[in-house]
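Student: The following block contains a protein sequence and its predicted model.
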Amino acid sequence: MSLPDHVTGVRPSEEQLRRVVEQHAEAVYRVAITVVHDASLAEDVVQETMLKAWRHSPVPPNTAIPKAWLLKVARNTAISLLRTRREDFRGPDTLPERAAGPEVARIVEDRVKLEELWELMQHLNEDARVLIVLKEVDGLSYDEIALTLDLPLSTVKTRLYRARKALKDALKDWN
Amino acid sequence: MNRHPSPRRLQRWLDTGETRRVDRHVTECDLCQSSLDSLTELDQRVVADLQTVITAPADLQDRTNVGVDVRLRSEAAAGVFTDLFLVAWDVAHTILDPITDSYMAQPEPTDTDGSIR
């Protein structure tokens, strides 16, 4: 099914939009869940971000949308969504299943550990959480993070050191 | 500050944010930045667990595509509805305009003395 011409115009094609979803939906979700702490809200953020990418793409059609731009949109969308629907904390039952092992006890233990880790992350401020996720999980470069968060490069580095230090301190009794 | 701060001083800077001199030095010194990188490096198991905690649902892509499609279709449908409404409005205008114009073109009814009623 294709969209009417007046809708498509110079926007990226549906095919391109699907490619953006395929390439970046998971990274967008990770930023979203880090900000909103709720799986279903995070999915709303992913959809909204993709629609914004389609409507306001910063690059001409047939050009790859920069990941940093997309993650910046995702973070801003998540923050404004959170302002309108503040329902903090994602319940432990929504945590994804970890790789299943043979012993139930170990699986339960793993889940409890993950829930604790998630709670510890909540003690960091939003900025610190997003920094850690972008650097450690998504593997963005400092330059990309600076673009995503609209911060000077030096600020990104110093805030990241402090964020990691804060998480390490929080994790001291965790293992 | 031209000399590199000691590891202890860097650690204190991490803990307390003191001092501005260290702050300035760190923002410009690659060597100290790499020391801070090592000092704050997260255990790879923690990173892996973090990845698990915030992992996206397996069907995220499918659900996103469906959700985005639904939104775009309903916007497109709303656009068509607006277009149809505007066409109907234009047609009504075209039909009614001559009638209104001819009515407006009639002279104001006047009394016998010529004053407007």
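Tutor: That came through fine.
Student: Outline the domain layout of the chain.
Tutor: Because you didn't say which chain, this covers chain A. A:5-84, A:98-170 (automatic domain parsing).
Student: I was after chain B.
Tutor: What automatic domain parsing lists as the domains of chain B is B:7-53, B:58-105.
Student: need these in a markdown table with distance to chain A, can you?
Tutor: For glycine as for every other residue, the C-beta is placed from the backbone atoms N, C-alpha and C. Compiled in a markdown table, those are given as follows (distance: least, CB to the nearest CB, whole Å):
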| stretch | distance to chain A |
| --- | --- |
| domain B:7-53 | 4 |
| domain B:58-105 | 4 |
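Student: and those as TSV, adding mean neighbour count and mean pLDDT?
Tutor: Below are those laid out as TSV (neighbours: other CB atoms under 10 Å in any protein chain shown; pLDDT from 0 to 100):
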stretch	mean neighbour count	mean pLDDT
domain B:7-53	15	87
domain B:58-105	12	81
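Student: which SSE is the most centrally placed residue in chain B in?
Tutor: A centroid search over chain B (CA atoms, centre = their mean) returns residue B:68, at 15.2 Å, as the residue closest to the centre. According to DSSP states H and E, residue B:68 maps onto helix B:60-105.
Student: Of all the domains of chain A, which one comes closest to residue B:78?
Tutor: Across the domains of chain A, residue B:78 has its closest neighbour in domain A:5-84 (10.4 Å, CB to CB).
Student: quick one: average pLDDT of the closest one?
Tutor: Averaged over domain A:5-84, pLDDT sits at 86.
Student: Ignoring the adjacent residues along the chain, who's closest to the most centrally placed residue in chain A?
Tutor: Nearest to the geometric centre of chain A sits residue A:31, at 1.3 Å (CA atoms, centre = their mean). Leaving aside its sequence neighbours, residue A:31 sits nearest to residue A:74 (CB to CB, 6 or more residues apart in numbering or on different chains; 4.8 Å).
Student: List the contacts of that neighbour.
Tutor: Going by CB atoms under 8 Å, 6 or more residues apart in numbering or on different chains, residue A:74 touches A:28, A:31-32, A:45-46, A:49.
Student: again, only this time at 7 Å
Tutor: A:28, A:31-32, A:45, A:49 (CB atoms under 7 Å, 6 or more residues apart in numbering or on different chains).
Student: need the longest helix for chain A.
Tutor: The longest helix of chain A (DSSP state H) is helix A:14-36.
Student: quick one on the thing from earlier: of all the domains of chain A, which gets the most neighbours per residue?
Tutor: domain A:5-84 (a mean of 19; mean count of other CB atoms under 10 Å in any protein chain shown).
Student: right, and residue B:14 touches residue A:159 too?
Tutor: No - contact criterion CB atoms under 7 Å: residue B:14 and residue A:159 do not qualify, at 11.5 Å.
Student: How about the secondary structure of residue A:58?
Tutor: Following DSSP: H, G, I helix; E, B strand; the rest coil, the label given to residue A:58 is coil.
Student: now it: how far from chain B?
Tutor: Per CB to the nearest CB, to the nearest Å, residue A:58 is found 18 Å from chain B.
Student: show me what contacts that residue?
Tutor: Residue A:58 neighbours (CB under 7 Å, 6+ apart): residue A:69.
Student: and with 10 Å instead?
Tutor: The contact partners of residue A:58, by CB atoms under 10 Å, 6 or more residues apart in numbering or on different chains, come to A:65-66, A:69-70, A:73.
Student: Columns secondary structure and distance to residue A:167 on top of these, output as a markdown table?
Tutor: Formatted as a markdown table, the contacts of residue A:58 follow (DSSP: H, G, I helix; E, B strand; the rest coil; distance: CB to CB, whole Å):
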| residue | secondary structure | distance to residue A:167 |
| --- | --- | --- |
| A:65 | coil | 30 |
| A:66 | coil | 27 |
| A:69 | helix | 27 |
| A:70 | helix | 25 |
| A:73 | helix | 26 |
